[in-house]
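**Q** Fold the following and give me the result.
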Amino acid sequence: MEEAEKGEIHERNTNSSHSGATEEAAGLLIDDLILEILSRLPVRSLHRFKCVSVPWRHLIADPANCKKLPQTLAGFLYFTTDDGGDHHHFASVSGGAAPFDPSFPCLQPNKYKDMAQVDACNGLLLYRGSNKKMAYWNWNWAEDDFRFVVCNPVTGRWVELPPSPQTPENRFSCTAGLAFDPVVSSHFYVLQFEQIFEGSYITSVNIYSSRTGAWTRRDSGMVEKVILCSFSKYVFVCGMMYTVGSLNDKHEYVLLAVDMEGKVWKTIRVPNGPGIGAIGLSQGCLHYSVDSMVRIDDNNESLVSEITLWCLKDHDSEEFVLKHTANTNKLMSMTGKKYRVVEIHPHCDTIFLVSCGGDTLVEYDMQHQKVGCILNLEKDSIQKFLPYVPLFQKSLAEVDEQ
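**A** You can find the predicted model right below:
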């Protein structure tokens, strides 16, 4: 009898052991399947799923899974300048430390004496490396011996581009943009626009393709003459590069759009406002936000600071759709400061405003009209901000200088 009981107990323990092992294996399999599904979702949905359960939250937050899952906005690159030159900074939206050194020290001082932030796109950064110190207001790059450098700060990998072509007729080169979409390809483009002189209209564009490793030059194909705005922001979406400019002698702001071959050029009127608005890629569409002062009574005695957020949903129709309107008087009364829009969140209807003094960056939810994080900035900051979203991709267009 005792032997029978012992056998039964042993059998139960064995079955329990096998059952536990099976459940553990099934749990691992389920985690792999969940990760595979989550990796295909938009980042906004991904972060909502953190609320499903504690195991899901741990699964999504696990650093080992970051390479598989889409990433959200980490913060903004910006810089300050003094007699010692430019100083690079990072404003983290989570309040934590910068995920990398924004001055990219692996290239200084061994390779370049000066590194200037130019653009950012989907995890890659574009710098202008120079062999001499250049004042930030001197945008005539043709006077400088420089090279463009594209890098991924997560991996530390970088690529130095060959010199861009220059012609005697278009010697003033003032601005450039980076085009990269990891969903489509590991290859990137750099577009460098040229003018005859500062403040004149765009005459041509030099386009670098990492696929060919070479530059091509294209003359402007536009009838309308467009002057690019200072510190122009670039947005790459649906194979087109967009930036803001003004029509010559009309004081009318437009989007200038160019394809990656320099064959398609077009202009799109932006919503009216007293000044230049901010553009950004958000939720897969190009967005435009502008702030203005609006009178609210018949006696024209009261003014409201108003911000509007627009979306270019259909690129073929070239029409903006109004998404949100917000009153920022409450924000200004709370802080005693005035603000202007500088950036748009890539994954939700949230904008970022910088104070006119340039010492704070404020997150504002347009959908719920709520103030989010308020970031303190370095004094005397130059008010050009580059959004950064980490990219856990090992290769850099199949080319690596290291």
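**Q** rest of the way, CA atoms for contacts and neighbours
**A** Will do.
**Q** Quick check: Leu396 vs Pro162, distance?
**A** Distance check for Leu396 against Pro162: by CA to CA, to the nearest Å, it reads 16 Å.
**Q** do Met241 as well
**A** According to CA to CA, Met241 stands 21 Å off from Pro162.
**Q** Then Met240?
**A** Separation of Met240 from Pro162 (CA to CA) stands at 23 Å.
**Q** Neighbour count for those two, which is higher?
**A** Met240 (18 against 14; other CA atoms under 10 Å).
**Q** pretty sure that one is in contact with Met260, am I right?
**A** Yes: assessed by CA atoms under 8 Å, Met240 is found in contact with Met260 at 6.6 Å.
**Q** Find me the pLDDT at Met174, would you?
**A** One correction, residue 174 is Cys, not Met. Note for Cys174: predicted pLDDT of 65.
**Q** again, but for His324
**A** The predicted local confidence for His324 comes out at a pLDDT of 94.
**Q** Next up, the contacts around it.
**A** Applying CA atoms under 8 Å, 6 or more residues apart in numbering, one finds that His324 lies in contact with Thr308, Leu309, Trp310, Met366, Gln367.
**Q** and the last one, that's in a helix?
**A** No: going by DSSP: H, G, I helix; E, B strand; the rest coil, the assignment for Gln367 is coil, not a helix.
**Q** didn't it look like it was pressed against Asp349?
**A** Yes: between Gln367 and Asp349 there is a contact at 6.2 Å, judged by CA under 8 Å.
**Q** about what we covered before: now list the buried members of the contacts of His324.
**A** With burial judged by 16 or more other CA atoms under 10 Å, the buried subset of these is Thr308, Leu309, Trp310, Met366.
**Q** Please parse the protein into its domains.
**A** As given by automatic domain parsing, the domain ranges for the chain are 2-65, 75-388.
**Q** deepest of those, which one?
**A** Ranked by mean neighbour count, those are led by domain 75-388 with a mean of 18 (mean count of other CA atoms under 10 Å).
**Q** now the end-to-end length of that domain.
**A** The first and final residues of domain 75-388 sit 6 Å from each other (CA to CA).
**Q** next one: stretch 189-207
**A** One end of stretch 189-207 sits 7 Å from the other (CA to CA).
**Q** measure Val254 to Asn272 for me?
**A** Between Val254 and Asn272 the distance, using CA to CA, works out to 10 Å.
**Q** still on that earlier bit, least reliable of the domains of the chain going by mean pLDDT?
**A** When those are compared on average pLDDT, domain 2-65 comes out lowest at a mean of 62.
**Q** Helices of the stretch 51-200 of the chain, residue ranges please.
**A** For the stretch 51-200 of the chain, helices defined by DSSP state H, counting those that start in this stretch occupy the ranges 54-61.
**Q** typed the wrong thing, it's the stretch 201-350 of the chain
**A** 329-335.
**Q** Could I get the full set of strands for it?
**A** Listed from the start of the chain, the stretch 201-350 of the chain has strands (DSSP state E, counting those that start in this stretch) covering 202-209, 214-219, 226-228, 234-237, 240-247, 253-259, 265-269, 278-282, 285-295, 303-314, 319-327, 339-344, 350-355.
**Q** repeat for the stretch 51-200 of the chain
**A** Using DSSP E, counting those that start in this stretch, the strands of the stretch 51-200 of the chain run over 75-82, 85-92, 114-121, 124-130, 146-152, 157-160, 172-180, 188-195.
**Q** To Cys373, which of these lies closest?
**A** Minimum separation from Cys373 across these (CA to CA) falls at strand 85-92, 10.0 Å.
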